[in-house]
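In: From the sequence below, what's the structure:
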Amino acid sequence: MAKLTINDLKKIKEKVHAEMALRDGDRRVKITVHMGTCGIASGAREVLDTLLQEIEAAKVNDIIVTTSGCMGLCSREPLVTVEILNQDPIKYEYMNPNKMRQVFKKHILEGEIQTPFVLARGAEIIK
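Out: Residues are numbered from 1 along each chain as shown. Presented below is the predicted three-dimensional model:
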């Protein structure tokens with residue numbers, strides 16, 4: 001196994017700090033990827049990884065990314081909740097990496113809710 005250099009360690013530190021910055025602070029958008037056992041088994045980990053990649057590629061820093069346990073809607077997993085400041089939260093169902101990219105680009109960056117994937121708006125169940 002190759003030895004790590006000081007530069008390798010600095011790169012790892014910068015990457016970890018960048019990822020953690022997405023999880024902390026006061027921001028315009030909070031995105032929760034529901035990561036209970038059922039969500040993980042349905043692909044929530046890939047959805048979370050895709051979201052973090054999209055945020056990094058877009059170079060936005062006003063978004064908090066969090067995870068939570070099961071919401072009790074196992075048959076609708078993976079689930080993602082998007083909360084934009086001063087708007088009703090939107091719960092998206094049956095997410096996958098492609099849907100997450102679309103939600104990120106259209107809803108989070110442009111403000112256009114992706115209705116075909118919406119389970120609930122605020123406290124109102126849509127489907």
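
In: pretty sure residue 36 contacts residue 73?
Out: No - in this structure, residue 36 is not within contact of residue 73 by Cβ atoms under 8 Å, at 9.8 Å. For the C-beta atoms, the positions are set from N, CA and C on the backbone; glycine is no exception.

In: Name the residue in the two with the higher neighbour count.
Out: When neighbours are counted by other Cβ atoms under 10 Å, residue 36 comes out ahead of the other of residue 36 and residue 73, with 20 against 17.

In: what residues are up against that one?
Out: If you count contacts by Cβ atoms under 8 Å, 6 or more residues apart in numbering, residue 36 has them with 68, 69, 70, 71, 74, 77.

In: Contacts only, for the fifth one.
Out: By Cβ under 8 Å, 6+ apart, the contact list for residue 74 reads 36, 38.

In: tell me the pLDDT at it?
Out: On the pLDDT scale, residue 74 is placed at 82.

In: measure residue 34 to residue 99 for me?
Out: Note on residue 34: its distance to residue 99, by Cβ to Cβ, to the nearest Å, is 14 Å.

In: Comparing the two, which residue is more hemmed in?
Out: The residue with more neighbours, out of residue 34 and residue 99, is residue 34; 28 against 19, by other Cβ under 10 Å.
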